[in-house]
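Based on what follows, work out the 3D shape:
(chains A and B)
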Amino acid sequence: MKLKSNIATSENGFIFNPATGDSFSGNGMAAQLLAAMKNGKTNAEIKQDILNRYDVSENQLDRDWDDWMLQLKEANLLEI
Amino acid sequence: MANKYTNLCIAVTGLNANDNPGPGMAVIRSLKECFGDDLRIIGLSYESLEPGIYLKELVNKTYQIPYPTEGTAALIERLTYINQQENLDLVIPNFDSELFNFIKIAPQLKQMGIASYLPTQQQLALRDKVHLKDFGTKHSFYVPADHKLYTADDLQKAAAEFSFPMVIKGKFYEAYIVYTMDQALKAFHQLNATWGTPVIAQQHIRGNEINIAALGDGQGNNVSIVAMRKLYITDKGKAWAGVTIKDDNLTQLANSFALATNWKGGYEMEIMNTAEGHLYILEINPRFPAWVYLTAAAGQNQPAALAKMALGEAIEPYTDYQAGKLFVRYSWDHIADIADFQQISAFGEL
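Numbering: from 1, shown residues only, chains lettered A, B, ... in the order given. The predicted structure is shown next:
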């Protein structure tokens, strides 16, 4: 699933949904993920990049990724 | 450089920039931003401690005017005097309770050379709190169910239908969310004493509070629509901070309202966006909101557009504004001299 096209994000992880006025603060990792998603990278590309750069197992990453996507969905930030 | 708006003189009401502010100061700020410091602003006040009276950098001179209950004859007499002193080009009333009189005397004002840009009496009545549910039903808008309360006994029926919490509203202003019958009775008596009957009991709707400021052209179109999500709400339910948002559903709602009513002038829609995505209209205020300067800050200066339209200029409808523009209201102890207070209190002019 893709990030809604109108979602505004900043380098420090701040997220603003201009359709609802909701805003969220993310950490540095969230900022990186959002930037990659906004740049049109696929989920597979983003996950591979994380595996290359961080000491994390593929299973752990999959669980964390699912949790990340769930948070984005609950925050109404993903295209339906 | 001189233009057709040089030496423009505009009278504005609603100078009560307090914790339940009138829109006057925000309207003036918007007008000044468009027309510059040459614009002469005449404040029209009801009480001697309305802060705008003392804000000389924004209001050149203030005249007290009679309360709406004194009727149109007293109002026209006072405005005739003020016009003789100031040569007014335009008047922008900003209180719900004074609109009936201003609409009624608009033709006389026009004869005196004073423009206005107001809804008709019929349009004013359509969105009245007392008629809002019927209006919503007729035009397929989501509007909370309500009961008109004329006596305290009427509360029983409302409570039986809505259960608690429910909202008790004054005819013109003020609303309380009540959780018990004792609170409901207290609110009823308080609002009855202040604004008279009917007091309105309204179904309580949960969701995100969104307001829309808009300007209708009287032909079924909006010249401007700006939506704002409330971020900080006072105990009186007023937005103390908010952020502009953009949502096609909100734009569509305001356009449907303008089409249904042919609304002319500024207005504000108070909306509750439910978890199901239903946009409930809680109220429609027949004038600009107190946060209207945010429209100018976001790129659609609604008071300036209204002034130009009132003065005969054709205005192209705005098509875009900046989402994410934030306002944060603040309070400020402005210092004035007691002599100023004496002047406005004793002579009705400052």
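
Around residue 5, count how many other residues there are.
Here I'm looking at chain A. 7 (other CB atoms under 10 Å in any protein chain shown). Bear in mind the C-beta positions are built from the backbone N, C-alpha and C, glycine included.

sorry, should have said chain B
B:Tyr5, neighbours per other CB under 10 Å, totals 17.

same deal with the one 4 residues further on?
Under the neighbour criterion other CB under 10 Å, B:Cys9 is assigned a count of 17.

Quick one, grab the pLDDT at it.
For B:Cys9, the model assigns a pLDDT of 97.

Residues in contact with stretch B:173-182: which ones?
B:20, B:96-97, B:155, B:159, B:164-169, B:183-184, B:186-187, B:191, B:194-195, B:202, B:204, B:236-237 (CB atoms under 8 Å, 6 or more residues apart in numbering or on different chains).

can you rerun that using 10 Å?
Stretch B:173-182 has contacts (CB atoms under 10 Å, 6 or more residues apart in numbering or on different chains) with B:20, B:95-97, B:129, B:152, B:155-156, B:159, B:164-170, B:183-188, B:190-191, B:194-195, B:199-202, B:204, B:235-237, B:270, B:282-283, B:285.

Which of those residues are buried, as a PyMOL select command?
This is how PyMOL selects the buried members of the contacts of stretch B:173-182, with burial counted by 16 or more other CB atoms under 10 Å in any protein chain shown:
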select buried, chain B and resi 95+96+129+155+159+165+166+167+168+169+170+183+184+187+188+191+195+199+200+201+202+204+237+270+282+283+285
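
Of the contacts of stretch B:173-182, which belong to helices?
If you go by DSSP state H, those have B:96-97, B:155-156, B:159, B:183-188, B:190-191, B:194-195 in helices.

tell me what the helix or strand where B:Val223 lies is packed against?
Using DSSP states H and E, B:Val223 sits within strand B:222-233. In terms of contacts (3 or more CB pairs under 10 Å, 6 or more residues apart in numbering or on different chains; DSSP states H and E), strand B:222-233 is packed against strand B:208-217, strand B:239-245, helix B:248-261, strand B:264-273, helix B:293-297, helix B:302-310, strand B:326-328.

gap between the spatially most central residue of chain B and chain A?
When chain B is reduced to its mean C-alpha position, the closest residue under CA atoms, centre = their mean turns out to be B:Arg287, at 3.6 Å. Between B:Arg287 and chain A the computed distance is 23 Å (CB to the nearest CB, to the nearest Å).

cool, B:Val292 as well?
Separation of B:Val292 from chain A (CB to the nearest CB) stands at 18 Å.

before we move on, the earlier item: how about the closest residue to the residue nearest to the centre of chain B other than its chain neighbours, what does it touch?
Excluding the flanking residues, the one nearest B:Arg287 by CB to CB, 6 or more residues apart in numbering or on different chains is B:Asn94, at 5.2 Å. For B:Asn94, the contact set (CB under 10 Å, 6+ apart) comprises B:12-16, B:22-28, B:44, B:102, B:266, B:285, B:287-290, B:292, B:303.

now A:Ser25
A:Ser10, A:Asn12, A:Gly13, A:Phe14, A:Ile15, A:Ala31.

And these, which of them are buried?
Neighbour counting with 16+ other CB under 10 Å marks A:Gly13, A:Ile15, A:Ala31 as buried within the contacts of A:Ser25.

Now render those residues as a markdown table, adding pLDDT.
Putting those into a markdown table (pLDDT from 0 to 100) gives the following:
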| residue | pLDDT |
| --- | --- |
| A:Gly13 | 86 |
| A:Ile15 | 92 |
| A:Ala31 | 91 |
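
Break chain B into its domains for me.
Using automatic domain parsing, the domains assigned to chain B come out as B:9-116+B:333-347, B:145-203.

Flag every residue of the stretch 251-350 of chain B that's near chain A.
Residues of the stretch 251-350 of chain B lying close to chain A (CB under 10 Å from any CB of the partner chain) are B:Asn273, B:Gln322, B:Ala323, B:Gly324, B:Leu326.

Could I have the ChimeraX command that selects the buried members from those?
Selecting only the buried entries of those in ChimeraX, with 16+ other CB under 10 Å as the criterion:
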select /B:273,323,326
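
Could you say which helix or strand holds residue 30?
Assuming you mean chain A. Residue-wise, A:Ala30 maps onto helix A:28-38 under DSSP H and E.

Please refer instead to chain B.
Counting by DSSP H and E, B:Ser30 is part of helix B:24-35.

Show me what that helix is packed against.
Applying 3+ CB pairs under 10 Å, 6+ apart, one finds that helix B:24-35 makes contact with strand B:9-13, strand B:40-45, strand B:90-92, helix B:293-297, helix B:302-310.
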